[in-house]
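1. 3D, please:
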Amino acid sequence: MIVVFFLAFFPNIRPAIDTARQTPYAPSDAWCQSLSWLKANTSDPFGNPDYYYEFYEPSSPSTPAYSVMAWWDYGYWVTRIAHRVPNTNPAQGGVYRVACFFLSQDEESANKIRQGLGSTYIIVDYETATGKFWAIADWAKREPAEFFDTYYQSEGDKITAEVFFHPEYYRALFTRLYNFDGKAVTPQSSLVISYEERRTQEGELVKVITDSKSFPSYEGAVAYISSQKAANYKIVGTNPFLSPVPLAELKHYQLAHSSDIFRRQPGGGMVPSVKIFEYIE
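-> Next up, the predicted model:
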């Protein structure tokens, strides 16, 4: 029995412990903290906190006074931890309208979608603003390349790839909320790149930067592009938290909560992992 234990079970003890410690699909501490705040500091959407525990007919549920806008990945968390009604969750439809709201390029368009969904609170987070932003574009039936793309450039005898963010990324409501807290932004500089499309030996079409110029103002960058005859000129940003284009203040979205748990921004600095905004008339 001792021999069998050491041969069959002992080698698996450490891997089993490591696996048990991992929680890849569980809400992070920042999400738990923020959703607990939402539950404790907002009115119950049904006027009765016990409604969460009650049975009702699926065909005729009560209508909530308001709902919560969050990317659909987090819908179950909003329900389970905050006891609030999400606009969508992984088992529901409606994700298209949520995606279109987050990608809205102006506040008026976003407000029309928000009004139709009845959302009073909007939750945004670091992972969606950076690594999962492509999923919002995909569900909105738009190409992620509208918002950011990979460009190639020569450095000596090497070819390096870098992601550049397009103006549409910075103007998206999700970005304006999470990255800039809904505040007005005046760019300190604006980068313009020119590029050409080439095919690799494998037949893949890639964008190769042929030139880049930095301008102290957005207006100067726009004027430079307007003076060019070729079409392959674009204003881009290298940091999702530094906009190369001006952004107007969002007048109806007020920051209500920021998590005490932070993430590091590209280029330095820290940002709360999760933020909650309230729509204000």
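2. use CA for all of it now, contacts and neighbours both
-> Will do.
3. check what pLDDT residue 24 gets.
-> Note on residue 24: pLDDT of 69.
4. hmm, I was thinking of residue 198
-> In the predicted model, residue 198 carries a pLDDT score of 89.
5. check residue 203 too.
-> Listed pLDDT for residue 203 reads 85.
6. just residue 17 next, same as before
-> The predicted structure scores residue 17 at 64 on the pLDDT scale.
7. same thing with residue 167?
-> The predicted local confidence for residue 167 comes out at a pLDDT of 98.
8. check the closest residue to residue 85 other than its chain neighbours and give its pLDDT.
-> Using C-alpha to C-alpha, 6 or more residues apart in numbering and skipping residues adjacent in sequence, the residue nearest residue 85 is residue 67, 5.0 Å away. At residue 67, the pLDDT value in this model is 97.
9. count the residues that sit near residue 67.
-> 20 (other C-alpha atoms under 10 Å).
10. isn't it right next to residue 114, touching?
-> No. Using C-alpha atoms under 8 Å, residue 67 is not in contact with residue 114, being 9.8 Å away.
11. please name the residues that touch the closest residue in space to residue 194 that isn't next to it in sequence.
-> The spatial neighbour of residue 194 that comes closest, neighbours along the chain excluded (C-alpha to C-alpha, 6+ apart), is residue 233 at 4.5 Å. Each residue near residue 233 by C-alpha atoms under 8 Å, 6 or more residues apart in numbering is listed here: 192-195, 225.
12. give the contact list for the residue lying closest to residue 279 once chain neighbours are set aside.
-> Across the structure, with C-alpha to C-alpha, 6+ apart as the measure, the residue nearest residue 279 apart from its sequence neighbours is residue 253 (4.7 Å). Taking C-alpha under 8 Å, 6+ apart, we find residue 253 in contact with 182, 277-280.
13. ok, of those residues, which one's closest to residue 237?
-> Among these, residue 182 lies closest to residue 237 (C-alpha to C-alpha), at 18.5 Å.
14. lowest-confidence helix or strand of the chain?
-> Taking mean pLDDT, DSSP states H and E as the measure, helix 10-21 is the helix or strand of the chain with the lowest mean score, a mean of 66.
15. elements contacting the following helix or strand past that helix?
-> The first helix or strand that comes after helix 10-21 along the chain, using DSSP states H and E, is helix 29-41. Identification of packing neighbours for helix 29-41 by 3 or more C-alpha pairs under 8 Å, 6 or more residues apart in numbering; DSSP states H and E yields helix 75-82, strand 253-258, strand 274-279.
16. mean confidence for helix 29-41?
-> Helix 29-41 shows an average pLDDT of 98 in the prediction.
17. which residues does the next helix or strand along the chain from that helix contact?
-> Read in the C-terminal direction, the helix or strand following helix 29-41 is strand 67-69, with elements assigned using DSSP H and E. Strand 67-69 is touched from outside by 45, 78, 84-88, 98, 117-123, with contacts defined as C-alpha under 8 Å, 6+ apart.
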